[in-house]
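K.L.:
curious how this folds, go ahead:
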Amino acid sequence: MAVALLALVLIPSCGADTPKHPDDTNIRAFLDRYFSTWSAQDMEGYGACFDSQARILFVDKDGSVMTQGLTDFLHGQKLGHQQSSVPMVEKPLTKEIMGDGRVVQAKVTWLLTKGSSETRGTDYFTLKREGQGWKIVALVFNND
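P.N.:
Numbers count the residues shown, from 1 in each chain. This is a model prediction of the structure:
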């Protein structure tokens with residue numbers, strides 16, 4: 001009987017979600033803006049999501065890593081949109097957020113639609129507090 005009572009007390013805590021970040025709502029809105037500006041081809045708005053010293057890394061399926069500074073990355077994103085024969089739209093599917101008042105890490109799974117083609121991937125963001133908002137200081141991403 002005592003074991004059963006102990007199990008009833010402990011089981012609910014095993015699956016408990018991580019507590020929400022105090023600025024969870026604003027961080028989620030920031031991440032939504034990141035995806036919506038990219039999808040709208042608003043490279044100025046998209047670029048404003050990043051700190052000027054941000055680094056962007058892509059991890060390929062074979063494990064190789066490509067790294068870029070912000071200027072080169074934004075230029076490549078702009079060219080990608082310009083050279084695409086159909087509009088590209090990227091939507092976040094899930095968001096996991098953790099951190100403190102100065103630095104946050106977020107894992108976001110996404111779906112990229114390009115015509116009838118779909119690609120799924122994951123972005124790993126490191127964000128820093130800037131004023132009342134957030135800026136990306138590092139972005140590591142991969143896709144299927």
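K.L.:
got the buried residues for the helix or strand harbouring residue 68?
P.N.:
Using DSSP states H and E, residue 68 maps to strand 65-69. Buried residues in strand 65-69, counted by 16 or more other Cβ atoms under 10 Å: residue 68. For the C-beta atoms, the positions are set from N, CA and C on the backbone; glycine is no exception.
K.L.:
how about stretch 37-48?
P.N.:
Residues of stretch 37-48 classed as buried by neighbour count (16+ other Cβ under 10 Å): 37, 38, 39, 41, 43, 46, 47.
K.L.:
any idea of the pLDDT on the residue lying closest to residue 48 once chain neighbours are set aside?
P.N.:
Closest residue to residue 48 apart from its sequence neighbours, by Cβ to Cβ, 6 or more residues apart in numbering: residue 37 at 7.9 Å. The per-residue pLDDT reported for residue 37 equals 99.
K.L.:
ok so residue 37 is a strand residue?
P.N.:
No. Judged by DSSP: H, G, I helix; E, B strand; the rest coil, residue 37 forms no part of a strand; its state is helix.
K.L.:
for it, give me its contacts.
P.N.:
When contacts are counted by Cβ atoms under 8 Å, 6 or more residues apart in numbering, residue 37 touches 43, 45, 46, 48, 49.
K.L.:
repeat for residue 54
P.N.:
With Cβ under 8 Å, 6+ apart, residue 54 has these contacts: 69, 70, 135, 136, 137, 138, 139.
K.L.:
among those residues, which lie within strands?
P.N.:
69, 135, 136, 137, 138, 139 (DSSP state E).
K.L.:
list just the nearest of those to residue 97.
P.N.:
If you rank the ones in strands among the contacts of residue 54 by distance to residue 97 using Cβ to Cβ, residue 136 comes first, at 13.5 Å.
K.L.:
quick one on the thing from earlier: ok, of the ones in strands among the contacts of residue 54, which come out buried?
P.N.:
The buried subset of those - by 16+ other Cβ under 10 Å - is 135, 136, 137, 138, 139.
K.L.:
pLDDT score for the last one?
P.N.:
To tie it back to what came earlier, the one meant is residue 139. 98.
K.L.:
relative to residue 72, how far out is it?
P.N.:
The gap separating residue 139 from residue 72 is 13 Å, by Cβ to Cβ, to the nearest Å.
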